[in-house]
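1. Sequence and predicted structure are below.
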Amino acid sequence: MPSMLPGAPWLLAHKSMLRVDQPRKISLYGEDYVLWKDAAGAIQALPNACPHMGAMLSAGWCEPQNGTSAVVCPFHALKFDGAGCTVLPGTNQTTLSLLKPLELIIQGDLIWSYGGYEPKVPIPDVLNQIAKNYYFVGHTADLTVETDLLTMLLNMHDYNHQNGTHRDLFRITDIEFHQFLDHGHCSHAFYDMPTAPYSLLEKLKQPSVMLLPSLIKAHLENHFPSLVIFHGEMPLGKAAQCHIFVPEAENRTRTYILLFGQAKHPVFKLLGSTYLKFGKVVVDQDADILGKIYPDTPRKIKLNNEVGMDWVRRNFESFPAVVEPNLSK
Ligand code: FES
Ligand SMILES: [Fe+2]
């Protein structure tokens, strides 16, 4: 269990990822839950296995009940309210709770949970600040990778994998590492990535590549363990690409992107779906390489600029305590 860091907060979803009255399966710490959103935007979460004969409630549907909605089991149509109570056929009485609701912490559109564990690490406030100062562009690349949380986080904090994993997309020619600021469970990394130019023909074939600058200036804001924000600044506007991580099980980790923008020029807003597509390609490439790694291979080589990964390993080992920050450079 320590490999999934109990006591950390996990962002299960942005409310826009749930359709009204459409149950959705969410996994955390090896347990499955059904989440649903009523017409007023209220969120409920119950264990996903129906207490009658175990059908997945997430495969069922929702029906209005008492000003909110209840989830209906797809097998024999028992209807459960957000407290996990039902009314058995032929009776007029509501049962006691048969399913213990998953505790959620809702902050605006953000749905957080500690998965039933005692909180040891606070929820980072940064996403509330971003939600206040940026507009929400959308979500993308919601996928589950057959890998453990540590391996997933190492990939996200690996500043050298652009040349391999993301070679096709960015053509990054170099990594110019500038600064790493270690504040314990929060850190910042600043680096520049020059890219090789695209030919005119390539631009004509695929105009979206023109959005890529000749120098990608990266500022990564990291909040251990659940969140990495890639801050991008372009002439037309600013973007905050938030990478979210959720430990679904020991060897299954979910990731997705929430994208926020700040337009300096109205045209910027038209580019939202293009940036979402880029984000999806990046995550797909990461998922692909994560499926092609032998776990537990002894490391005999260390490259430059692995400080982000050192930060992940240190925080993992000392979790939930924060050791004296010692990696700034
Ligand atoms: S299994 Fe859910 S109602 Fe029977
Ligand atoms: Fe990557």
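-> Here it is on my side, so go on. Ligands and ions are numbered 1, 2, ... in the order given.
2. tell me which element whichever residue of the stretch 101-250 of the chain sits closest to ligand 1 falls in.
-> Here the stretch 101-250 of the chain gets closest to ligand 1 at one residue, residue 101, 17.1 Å apart by Cβ to the nearest ligand atom. To be clear about C-beta, it is placed using only N, CA and C from the backbone, and glycine gets the same treatment. Using DSSP states H and E, residue 101 sits in no helix or strand.
3. wait, isn't it in contact with residue 43?
-> No - Residue 101 is beyond contact range of residue 43, at 10.5 Å (criterion: Cβ atoms under 8 Å).
4. Regarding this protein, what is its longest helix?
-> helix 272-290 (DSSP state H).
5. residues touching the residue nearest to residue 155 when sequence neighbours are not counted, list them.
-> Nearest non-adjacent residue to residue 155, counting by Cβ to Cβ, 6 or more residues apart in numbering: residue 286, 5.6 Å away. For residue 286, the contacting residues are 145, 155, 156, 165, 255, by Cβ atoms under 8 Å, 6 or more residues apart in numbering.
6. buried set for stretch 81-101?
-> 81, 82, 83, 84, 85, 86, 87, 97, 98, 99, 101 (16 or more other Cβ atoms under 10 Å).
7. ugh, wrong one, I meant stretch 19-27
-> 21, 23, 24, 26, 27.
8. swap in stretch 38-45?
-> 38, 43, 44, 45.
9. coming back round to it: restricted to strands, list the buried residues of stretch 19-27.
-> If you go by DSSP state E, these have 24, 26, 27 in strands.
10. Any idea what residue 69 is bridged to?
-> With DSSP bridges as the criterion, residue 69 is bridged to residue 64.
11. Now do it, the pLDDT please.
-> Here, the pLDDT recorded for residue 69 equals 98.
12. what's near enough to touch it?
-> Taking Cβ under 8 Å, 6+ apart as the test, what residue 69 contacts is 21, 36, 38, 39, 62, 63.
13. Check residue 32 too.
-> 25, 26, 47, 48, 49, 56, 58.
14. so what's the fifth one scoring on pLDDT?
-> On pLDDT, residue 49 comes in at 98.
15. For it, name its beta-bridge partners.
-> Counting by DSSP bridges, residue 49 is bridged to residue 56.
16. Just read off the phi/psi values of the most far-flung residue of the chain relative to its centre.
-> Farthest-out residue of the chain from its mean C-alpha position, per Cα atoms, centre = their mean: residue 90, at 43.9 Å. Reported as degrees, to the nearest 10, the phi and psi values for residue 90 are phi 80, psi 0.
17. How much space separates it from residue 30?
-> To residue 30, residue 90 is 36 Å away according to Cβ to Cβ, to the nearest Å.
18. rewinding a little: pick out the most distant pair among the buried residues of stretch 81-101.
-> Spatially, the most separated pair among those is 87 and 101, at 17.5 Å (Cβ to Cβ).
19. what pLDDT, on average, does stretch 135-155 get?
-> For stretch 135-155, mean pLDDT rounds to 96.
20. swap in stretch 287-294?
-> 94.
21. ok, back up a step: of all pairs in the contacts of residue 286, which one is the farthest apart?
-> Largest pairwise distance in those, by Cβ to Cβ, is 14.0 Å, between 165 and 255.
22. more neighbours, those two?
-> residue 255 (23 against 20; other Cβ atoms under 10 Å).
23. Show me the beta-bridge partners of the more buried one.
-> Counting by DSSP bridges, residue 255 forms beta bridges with residue 143, residue 245.
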